[in-house]
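Peer 1: just the structure for this:
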Amino acid sequence: MLDIDVLQVATFLVIVVIGVAWYLSYSAARLDRLHAKVEGAMSALDAQLVRRAEATLELANSGALDPATALLLADAATESIERTTEHPLAEDLLDGQHFGGREETEAVLTEILAVTLTDDVVARLLAQDDELVADSLDRIAASALRVRMARRFHNDAVREVRRVRQKRVVRWFRLAGHAALPARVEFDDALPPALAR
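Peer 2: Numbers count the residues shown, from 1 in each chain. Here you go, the predicted model:
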């Protein structure tokens, strides 16, 4: 009778240990997938910001704008492109997966696009019937919308990682390892009203 009780207790403990090990393994894998999702969302945001800056630079260099407006757009777009690769970290295998304080640079580009591409300017540019200029305006509008969506996807992924990392089991068993806590990306990403058509 005593042997059966010990065997039952041992079996129960083995089942509990296997269950806990499975849960910890599942939680760690889920957290890893969430971190990968954040990195993918950051890459997508970075790509859309580069596309927006390139389209802006193309418009600035088209010759369709007055020199002052073209210079403003070109400076802001160039700064945005340069900030994309300005801070490489040799020890970081996922170089470029952090936003690196680019919020101000991207907000400035958004503001300059809104200030320079007014309804009158856009109407005048479209009236020129220049295919390159119209294409540049379309690319700026499309990439600005994609920037907004990519930033929201990134921030949603960050919120999910932070929520999971707040769980006691994740903290107690250090399931996040040495991974840095991802940060939200906040900047003005509004589409210039003249391009919202």
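Peer 1: make it CA atoms for all contacts and neighbour counts henceforth
Peer 2: Will do.
Peer 1: got the contact list for stretch 115-135?
Peer 2: If you take CA atoms under 8 Å, 6 or more residues apart in numbering as the criterion, stretch 115-135 is touched by 59, 62, 64-65, 69, 73, 192-195.
Peer 1: next: stretch 43-56.
Peer 2: Against stretch 43-56 from outside (CA under 8 Å, 6+ apart): 73-74, 77-78, 80-81, 84, 96-97, 106, 136-137, 139-140, 143-144, 146-147, 150-151, 154.
Peer 1: and the next element down the chain from the helix or strand containing residue 53?
Peer 2: Using DSSP states H and E, residue 53 sits in helix 2-60. Scanning forward in sequence from helix 2-60 by DSSP H and E, the next helix or strand is helix 67-84.
Peer 1: and that next one, what does it pack against?
Peer 2: helix 2-60, helix 103-116 (3 or more CA pairs under 8 Å, 6 or more residues apart in numbering; DSSP states H and E).
Peer 1: export the last one as PDB, just CAs?
Peer 2: Backbone C-alpha positions of helix 103-116 (Å, rounded to 0.1, in the frame of the first residue of the first chain) are rendered in PDB as follows:
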ATOM      1  CA  GLU A 103      11.500  60.600 -34.100                       C
ATOM      2  CA  GLU A 104      12.400  64.300 -34.400                       C
ATOM      3  CA  THR A 105      14.000  63.900 -37.900                       C
ATOM      4  CA  GLU A 106      10.900  62.100 -39.200                       C
ATOM      5  CA  ALA A 107       8.500  64.600 -37.500                       C
ATOM      6  CA  VAL A 108      10.400  67.500 -39.200                       C
ATOM      7  CA  LEU A 109      10.000  65.800 -42.600                       C
ATOM      8  CA  THR A 110       6.300  65.300 -41.900                       C
ATOM      9  CA  GLU A 111       6.000  69.000 -41.000                       C
ATOM     10  CA  ILE A 112       7.900  70.300 -44.000                       C
ATOM     11  CA  LEU A 113       5.800  68.100 -46.300                       C
ATOM     12  CA  ALA A 114       2.600  69.600 -44.800                       C
ATOM     13  CA  VAL A 115       3.900  73.200 -45.000                       C
ATOM     14  CA  THR A 116       5.300  73.000 -48.500                       C
END
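Peer 1: low pLDDT regions in the protein?
Peer 2: Low-confidence segments of the chain (pLDDT under 70): 1-4, 84-98, 197.
Peer 1: please repeat the previous calculation with a cut-off of 80.
Peer 2: 1-4, 84-101, 197 (pLDDT under 80).
Peer 1: any figure for the gap between residue 15 and residue 187?
Peer 2: 50 Å (CA to CA, to the nearest Å).
Peer 1: which of these two has more residues huddled nearby?
Peer 2: residue 187 (16 against 12; other CA atoms under 10 Å).
Peer 1: let's verify the more buried one: helix, strand, or coil?
Peer 2: When classified by DSSP: H, G, I helix; E, B strand; the rest coil, residue 187 comes out as coil.
Peer 1: check contacts around it.
Peer 2: Contacts of residue 187 by CA under 8 Å, 6+ apart are 103-104, 106-107.
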